[in-house]
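> Below is the structure, and that's it, no one-letter string:
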């Protein structure tokens, strides 16, 4: 719970990591990739406020105590979701695999959800692993990293034939939240790497069974994402990177991107995600609650976001997708009654 | 004008196909050395080691072709530095190979289709910035548009095989069809969003490049 100006907000962080990218975990012979990857992430951190930057060494591997302080104590996160990233081609024990993430479950009961993953190129063995992971962790979601390397292949697409049994399995097991990272390198390499058209297809096929959360809203292809999401009821915008990468570094772009997302996707389908440890949640939550659409003509076409809308994006939308109960007092109706004022009764249209 | 200046000038005509900005303006040209004999060595640097190989390849091979066009240039070496596919791309550009030959078995085609897709996006984005400059966009002609965005629109239209004469409709969709009056509201919205996407992406690339190289030697390069 995050408290600001006497108001309390439920925070559901849909995008957390607990990674180990220290040199001890680099696969021999692939050090340059492992090193390049974490340094790339570290550069992203520099887009946040300077006082939140970490030294590279800490950024490569941080402790459970760091996690607790940054996410729960300072960030006020009520419930968070771990999105695993395996990258075992480069990191011996994975970058942050499900087992590594799950180490934190016992220490913080009821506060963390571990998502699974699958890779259709693993075939039957992968399908069995997904079932085993579900058995162990009662999965509600998976994170798909389509740019991952596997046996010489540098990525895959959701529309690949061998992906279908995996989506069927997810639907069967109630693993209903499919987070998709549109990564930097999707095979075949000659295609647009951030193309979201594969999400469009499977979202239509599995409407009513599976939700698709496009992480980083398809950045840098916001336009393709928006045109797609506006037509698909089960496609959501994951705001990791939008808030962390733009709110501080490029506030004008941030306002416009938020305006477009509010227009095309809507405040009911946008999910806060800090992408910790790229960025700490605290400044993002605080900044987002303080944020208002600039009152200037060039922002005139965009919908406004009120306190209820912020509540949805910050916590309620994610809690709904993951069947997490939100205390009565933190739901919008209660908040509305509490903060009722003549202004809030005026229609915004 | 020195050969080096002419080479840099020509590099200014090489666009990041994704961002629709010259690689020189983006800070992607890390160094440019020209020997007395006319041998040119250019190093390109990108915002992250994991930038998409397809766009990286296009920029490296376009840069090489651009330098070869400059009279007085003898040998050309273009190298992409600190990139996870730099080795393959540098070797292919030196050989004059296409993209498919650079990554055997990992591609289905050359990058023409990808380039065209982004040229269409770039055109729509540029038009979005020009919509407010004429009273009636649906009846405006290309000659009514002025300034750098208009000039770039013409180049993009020529590259895409879309009529770029003075009398041609000023505003066309990505597929070349003129924007009708009844489509303007939506077109404005779509073009604005496309421009925002390019601008946001460009901003983030600049921020990441600055973080990565932690220096601003661009002035030195251009002088």
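Right, received. Where do you want to start? This one's a predicted model, so the numbers in the text were calculated from it and none came from an experiment.
> Now do the same contact list for residue A:199.
If you count contacts by Cβ atoms under 8 Å, 6 or more residues apart in numbering or on different chains, residue A:199 has them with A:158, A:180, A:212, A:214, A:228, A:235. (C-beta placed from N, C-alpha, C; glycine too.)
> which residues does the closest residue to residue A:208 other than its chain neighbours contact?
Nearest residue to residue A:208, sequence neighbours excluded (Cβ to Cβ, 6 or more residues apart in numbering or on different chains): residue A:234, at 7.4 Å. By Cβ under 8 Å, 6+ apart, the contact set of residue A:234 is A:203, A:206-208, A:210-212.
> Same question for residue B:15.
Contacts of residue B:15 by Cβ under 8 Å, 6+ apart are B:21-23, B:62.
> ranges for the strands of chain A?
Here chain A has its strands, by DSSP state E, at A:2-4, A:7-9, A:12-16, A:79-82, A:112-114, A:141-145, A:177-181, A:211-215, A:235-238, A:270-271.
> er, chain B I mean
For chain B, the strands defined by DSSP E cover B:15-16, B:21-22, B:29-34, B:40-45, B:76-81.
> Give the buried residues for the longest helix along chain B.
As assigned by DSSP state H, the longest helix anywhere in chain B is helix B:184-213. Buried residues in helix B:184-213, defined by neighbour count with 16 or more other Cβ atoms under 10 Å in any protein chain shown: B:184, B:187-209, B:211-212.
> which of these come close to chain A?
Contacts with chain A within the buried residues of helix B:184-213, counted by Cβ under 8 Å from any Cβ of the partner chain: B:189-190, B:193-194, B:196-201, B:203-204, B:207-208, B:211-212.
> tell me the two of these that are most distant?
Largest separation among these by Cβ to Cβ: B:189 and B:212, giving 34.5 Å.
> Distance check, the residue sitting furthest away from the middle of chain B against chain A.
For chain B, the residue at maximal distance from the C-alpha centroid (Cα atoms, centre = their mean) is residue B:182, at 31.7 Å. Distance of residue B:182 to chain A, given as Cβ to the nearest Cβ, to the nearest Å: 19 Å.
> Could you pull up the residues touching the closest residue in space to residue A:231 that isn't next to it in sequence?
Nearest residue to residue A:231, sequence neighbours excluded (Cβ to Cβ, 6+ apart): residue A:200, at 7.9 Å. Shown in contact with residue A:200 (Cβ under 8 Å, 6+ apart): A:228, A:231-232, A:235.
> Buried ones from these, can you make that a ChimeraX selection?
Buried subset of the contacts of residue A:200, written as a ChimeraX selection, criterion 16+ other Cβ under 10 Å:
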select /A:228,232,235
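> Just give me the closest of the contacts of residue A:200 to chain B.
residue A:228 (12.4 Å; Cβ to the nearest Cβ).
> Retrieve the pLDDT associated with the closest one.
What the model reports for residue A:228 is a pLDDT of 93.
> all helices of the chain, in order?
Going with chain A. A:31-45, A:56-60, A:64-67, A:98-102, A:123-137, A:164-173, A:197-205, A:222-229, A:242, A:251-264, A:281-290, A:307-311, A:317-321, A:332-338.
> hmm, I had chain B in mind actually
B:3-11, B:23-26, B:53-68, B:86-95, B:99-102, B:112-130, B:148-160, B:184-213, B:218-222.
> So which elements touch the second one?
This means helix B:23-26. helix B:3-11, strand B:15-16, helix B:184-213 (3 or more Cβ pairs under 8 Å, 6 or more residues apart in numbering or on different chains; DSSP states H and E).
> what does it rub up against?
Helix B:23-26 has contacts (Cβ under 8 Å, 6+ apart) with B:8, B:11-12, B:14-16, B:19, B:29, B:44, B:59, B:63, B:202, B:205-206, B:209, B:222.
> could you give the mean pLDDT of that helix?
Averaging pLDDT along helix B:23-26 gives 96.
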